[in-house]
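Visitor: Below is the structure, and that's it, no one-letter string:
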């Protein structure tokens with residue numbers, strides 16, 4: 001019965017959507033938000049197909065962006081720190097704080113967090129977790145601000161809706177940029193901010209078209225193709 005209801009919702013959403021058309025940003029947001037008819041607050045997701053090959057270091061696209069209206073989801077943060085820095089992380093709202101003890105838990109399969117932050121002096125411990133954290137996109141990295149002495153600011157930024165992004169091997173970047181309960185204006189602002197961050201992260205080795213395709217979708221809804229021109233030059 002649930003599958004039938006889901007199918008009906010999808011059919012209704014598709015009725016108002018021309019899959020061959022690229023929609024201006026405001027129109028795309030309106031369509032995606034309108035198609036989010038599930039009983040829970042669906043996540044609005046953004047996917048970008050980039051003309052890069054991340055296997056080459058000069059074509060890797062990676063960075064972090066603070067969305068103006070947050071993501072609407074609760075982010076669990078783990079911090080590797082000792083002494084006063086550990087106290088600072090706890091005071092800032094970190095969910096898990098530790099050192100070798102935290103590393104042991106992670107090695108044992110306890111990975112119940114969405115962002116991992118480490119002070120520089122803890123990277124000797126964290127480095128041993130590369131095979132566990134790396135494939136999950138959780139390995140701390142100074143380039144995106146997750147290896148830092150300022151754990152207070154890093155934790156607050158993560159909790160406030162900062163989004164980390166990285167191109168997958170096929171050149172696709174995707175991220176949740178809000179919830180269906182957000183206003184259309186808030187979603188438009190978040191989409192634009194995320195797109196602008198991707199543009200700023202354009203690598204030196206890019207050849208040809210950088211942004212090939214941009215799509216918006218909700219958790220249970222159809223994908224809506226965005227007119228890239230409405231987002232600014234790509």
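Guide: That came through fine. Predicted model only: the values in this text are computed from it and were never measured.
Visitor: alpha carbons only for contacts and neighbour counts from here, please
Guide: Will do.
Visitor: helix or strand for the residue nearest the centre of the chain, which one?
Guide: Residue closest to the average C-alpha location in the chain (CA atoms, centre = their mean): residue 175, at 3.6 Å. Using DSSP states H and E, residue 175 falls within strand 172-179.
Visitor: Check whether the residue nearest to the centre of the chain really touches residue 166, as I assumed.
Guide: No - if you go by CA atoms under 8 Å, residue 175 and residue 166 don't touch, sitting 9.5 Å apart.
Visitor: Please work out which residues outside stretch 197-204 touch it.
Guide: Applying CA atoms under 8 Å, 6 or more residues apart in numbering, the external contacts of stretch 197-204 come out as 58, 59, 60, 61, 62, 63, 64, 65, 210, 234.
Visitor: correction: stretch 61-72
Guide: For stretch 61-72, the surrounding residues in contact (CA under 8 Å, 6+ apart) are 54, 143-145, 157, 160-167, 176-179, 186-187, 189-190, 193-194, 197-198, 201-203.
Visitor: Drop anything exposed from those.
Guide: The neighbour-count criterion (16 or more other CA atoms under 10 Å) marks 54, 144-145, 157, 160-167, 176-179, 186-187, 189-190, 193-194, 197-198, 202-203 among the contacts of stretch 61-72 as buried.
Visitor: top helix in this protein by residue count?
Guide: Ordering each helix of the chain by length in residues (DSSP state H) puts helix 184-200 first.
Visitor: how big is the angle separating it from strand 172-179?
Guide: For the pair helix 184-200 and strand 172-179, the angle between their directions (axes from the mean of the first three to the mean of the last three CA atoms, to 10 degrees) equals 150 degrees.
Visitor: where in this structure is pLDDT low?
Guide: Scanning the chain for pLDDT under 70 picks out 1-19, 233-234.
Visitor: Distance of the residue lying closest to residue 98 once chain neighbours are set aside relative to residue 105?
Guide: Of all residues beyond its chain neighbours, the one nearest residue 98 is residue 80 (5.2 Å), with distances taken as CA to CA, 6 or more residues apart in numbering. To residue 105, residue 80 is 12 Å away according to CA to CA, to the nearest Å.
Visitor: More neighbours: which of the two?
Guide: Taking residue 80 and residue 105 together and counting by other CA atoms under 10 Å, residue 80 has the greater number of neighbours (28 against 12).
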